[in-house]
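**Student:** Okay, structure incoming, though there's no sequence with it:
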């Protein structure tokens, strides 16, 4: 039994079918990327696992148990980070929210917040409000808050889509380091094929309208990944070609 | 514009006001209007100082301010609590909020005769009317602010598994802060008005009854002194709230 | 259940409960009356002409005051907006005068003008002045600078500039200010009548309260609310017709 299982998932928004017969399994500590064009339901898949939606058909299980409400072990990173942070709380305050929600002992919170902010490189901005932070910093703050939940599973919905290329690459590497050090299972949704291959152990490509699993690609590139060498390796280029062709076929 | 230039212009505007006061004095002295209708700034100032130092003005001002503040605090507490309840429940919003909209166009002063009919012309009456009247801006603002939470934040609270109460306290209410503070500022203006009218109607000790009596007995200098004090109360209270609002809403600015 | 039905349910149930409780307990009160009697009192006042008379008095004062105060505010706001130096010099005077609560001026008005229309109109004018001034000033200051350049290129001259460019561009915001001032005018009118002036619906309300006629008292309160609501609804309708739903560009509540 895998840690996460999507079994025969069907879902629609009103009359519009969004997902059809999705079967995916994710093992513990795996980094799985989900790619596909708009309309393939990749965000919906993530939200089903996060317990924010209930599937119309089929079931999602986590650790063998069906997901019916947001599971404690799952942390969700939203794409529009500025809207997912509390603007009236400082960076510390935002991280604290997760600790308050999980009932972390009050006396130990300041130390833990400092530790987490340091991990994402925001220790110097603890007293700043989100409005005073750049896009990249805000997203890192969201990462910190997710880590504060000490999740077994980290769900990320195109988290770096709205950032510039340099910030994106820096955050990609940071994300890999953090996930590896905590051995967290990660599901990463993106429409950037190269990002998916760079980050993942496996890449799930979906057809659109409605979303169906097209193919699952194994990424056997060595870890730790490197922005320069990994992206130039022949295996990387081969995968990129294969997935690109697949996705383009699906669009026709 | 440089800060220096800005200060110059501000000083200039104060000078303009001073000019108006001088004009006022000139008209009072030579304009042919009986002093009983238009006391000069000199007499008004004297009345103000005399009243504050030796007379009752200090005490009466305190009474009015006390009434205004107590009523406002009461109204704000109830308004926020009720507004949070109504705003956070979809059921309440659909069934109860429209009734609030129905009551809104009624002028707050119209509540006064009703409460007088119930309680009579006492000091308590004034406080209750102030509370009832000032609650509306705060209540409506809170309902609006609490119900208009960014949907993404609602999802955040769900994925963090916050309880309903925690969501209300940590997310909905802070989100409504700007609206609530604006509503409270409006509420304070209303409380001052209702305090004055209440004192006029009930003859309870306060600036309202003071100026009414001064007018009736043709003590126009005292009347003007009282009006100046009331204007000062309005100005200071508004500035104080604005300063507090400015500090509390730091997070809205870059 | 439709949205309208949902909204009406609560007040209707409330009125029903009020009626039933008072009738069932045969409550005699100097301060409460069952809704049926309130309706009857309203009907009586409507039929014997007092409602019409009082409403006329209040509305006449409110609208006259609105016209005077609003008119002065339009002129003043144009001056403030088009001559920045004037605005800077007047700032302190405006900041000092604005916080004075209009009710504080009631005794002054009584002293100088006695009771009646003049006193009420002057107080209303003072109150109605401010919203139009604030909104109007903001409207003029925020006029698209290019429009003003157009007026220079067309060599319109001061009067032409004001009438052909400035006023039309600022009109939607002025209207919002007028709507606010209209509401304020009605409120002040009723307030002054309750507090001191023996005329209009406010006075009628006060008399009903003091003569222990709760049915008439509540009827007057409801009527005042209805008049206020109708006035605002009518102005809102006019605003939408004249400027379109997005016309004002200012979210007005």
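**Tutor:** Sure thing, it's come through. These numbers come from a predicted model, not from an experiment.
**Student:** just checking, residue A:34 is part of a strand?
**Tutor:** Yes - Residue A:34 forms part of a strand when assessed by DSSP: H, G, I helix; E, B strand; the rest coil.
**Student:** so it makes contact with residue A:192?
**Tutor:** No - under the criterion of Cβ atoms under 8 Å, residue A:34 makes no contact with residue A:192, lying 11.8 Å away. For the C-beta atoms, the positions are set from N, CA and C on the backbone; glycine is no exception.
**Student:** Name the residue in these two with the higher neighbour count.
**Tutor:** Neighbour totals were compared for residue A:34 and residue A:192, and residue A:34 leads with 28 against 16 (other Cβ atoms under 10 Å in any protein chain shown).
**Student:** for that one, what are its contacts?
**Tutor:** A:42, A:45, A:46, A:187, A:188, A:189, A:190, A:196, A:203, A:204, A:206 (Cβ atoms under 8 Å, 6 or more residues apart in numbering or on different chains).
**Student:** now swap in residue A:64 and tell me
**Tutor:** The contact partners of residue A:64, by Cβ under 8 Å, 6+ apart, come to residue A:1.
**Student:** Per-residue pLDDT of the residue nearest to residue A:74 when sequence neighbours are not counted, please?
**Tutor:** Excluding the flanking residues, the one nearest residue A:74 by Cβ to Cβ, 6 or more residues apart in numbering or on different chains is residue A:153, at 4.8 Å. At residue A:153, the model reports a pLDDT of 94.
**Student:** Check residue C:166 too.
**Tutor:** Predicted confidence (pLDDT) for residue C:166: 81.
**Student:** Validate this expectation: it resides in a strand.
**Tutor:** No - Residue C:166 sits outside any strand when classified using three-state DSSP, being helix.
**Student:** now it: how far from residue C:76?
**Tutor:** Residue C:166 sits 14 Å away from residue C:76, going by Cβ to Cβ, to the nearest Å.
**Student:** Quick check: residue C:19 touching residue C:32?
**Tutor:** No - in this structure residue C:19 lies outside contact range of residue C:32 using Cβ under 8 Å: 11.2 Å.
**Student:** Please say which of those two ends up with more neighbours.
**Tutor:** residue C:32 (19 against 15).
**Student:** so what's the closest residue in space to residue A:30 that isn't next to it in sequence up against?
**Tutor:** Distance criterion Cβ to Cβ, 6+ apart; nearest residue to residue A:30, sequence neighbours excluded, is residue A:201 at 5.2 Å. Neighbouring residues of residue A:201 by Cβ under 8 Å, 6+ apart: A:30, A:31, A:32, A:218, A:219.
**Student:** Wait, the first one touches residue A:202, no?
**Tutor:** The one in question is residue A:30. Yes - counting by Cβ under 8 Å, residue A:202 is a contact partner of residue A:30 at 6.7 Å.
**Student:** Pull up the residues of the stretch 151-254 of chain B that are close to chain C.
**Tutor:** Within the stretch 151-254 of chain B, the positions near chain C by Cβ under 8 Å from any Cβ of the partner chain are B:189, B:192-193, B:196-197, B:200-201, B:207-208, B:211-212, B:214-216, B:218, B:220, B:223-224, B:226-227, B:230-231, B:234-235, B:238.
**Student:** Average pLDDT for stretch C:57-76, rounded please.
**Tutor:** 95.
**Student:** coming back round to it: ok, residue C:166 and residue C:76, which is more surrounded?
**Tutor:** Counted by other Cβ under 10 Å, residue C:166 and residue C:76 do not tie: residue C:166 has more neighbours, with 21 against 18.
**Student:** show me the contacts for the more buried one.
**Tutor:** C:78, C:81, C:82, C:140, C:143, C:148.
**Student:** any idea how far chain B is from it?
**Tutor:** Distance, residue C:166 to chain B, by Cβ to the nearest Cβ, to the nearest Å: 23 Å.
**Student:** Geometric centre of chain C: which residue is closest?
**Tutor:** Closest to where the C-alpha atoms of chain C average out (Cα atoms, centre = their mean) is residue C:183, at 1.9 Å.
**Student:** next one: the helix or strand hosting that residue to chain centre, how far?
**Tutor:** Using DSSP states H and E, residue C:183 sits in helix C:167-195. In terms of Cα atoms, centre = their mean, to the nearest Å, the centre of helix C:167-195 is set 5 Å apart from its chain centre.
**Student:** quick one, the helix or strand following that helix and helix C:167-195 angle?
**Tutor:** For helix C:167-195, the succeeding helix or strand toward the C-terminus, using DSSP H and E, is helix C:200-210. On the basis of axes from the mean of the first three to the mean of the last three Cα atoms, to 10 degrees, helix C:200-210 is oriented at 30 degrees to helix C:167-195.
**Student:** Now do helix C:200-210: which elements does it pack against?
**Tutor:** Applying 3 or more Cβ pairs under 8 Å, 6 or more residues apart in numbering or on different chains; DSSP states H and E, one finds that helix C:200-210 contacts helix B:111-119, helix C:50-82, helix C:167-195, helix C:214-243.
**Student:** Let me have these in a markdown table, extended by distance to residue B:59.
**Tutor:** Shown next, in a markdown table, are those (distance: least, Cβ to Cβ, whole Å):
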| stretch | distance to residue B:59 |
| --- | --- |
| helix B:111-119 | 24 |
| helix C:50-82 | 34 |
| helix C:167-195 | 23 |
| helix C:214-243 | 34 |
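**Student:** In contact with the spatially most central residue of chain A, which residues?
**Tutor:** Nearest to the geometric centre of chain A sits residue A:156, at 1.8 Å (Cα atoms, centre = their mean). Neighbour list for residue A:156: A:46, A:77, A:175, A:186, A:187, A:188, A:189 [criterion: Cβ under 8 Å, 6+ apart].
**Student:** part of a strand, is residue A:217?
**Tutor:** Yes - assessed with three-state DSSP, residue A:217 lies in a strand.
**Student:** okay, now it: neighbour count?
**Tutor:** 19.
**Student:** can you check residue C:42 too?
**Tutor:** When neighbours are counted by other Cβ under 10 Å, residue C:42 comes out with 19.
**Student:** Would you confirm that the residue nearest to the centre of chain C contacts residue C:228?
**Tutor:** Yes - counting by Cβ under 8 Å, residue C:183 touches residue C:228, with 6.8 Å between them.
**Student:** which residues do these two both contact?
**Tutor:** Each of residue B:105 lies in contact with both residue C:183 and residue C:228 under the rule Cβ under 8 Å, 6+ apart.
**Student:** which residue ranges form the strands in the stretch 101-250 of chain A?
**Tutor:** Taking DSSP state E, counting those that start in this stretch, the strands of the stretch 101-250 of chain A run over residues A:153-157, A:185-189, A:202-207, A:212-218.
**Student:** so how far is the last one off the chain centroid?
**Tutor:** Read it as strand A:212-218. Centroid separation for strand A:212-218 versus its chain: 18 Å, with Cα atoms, centre = their mean.
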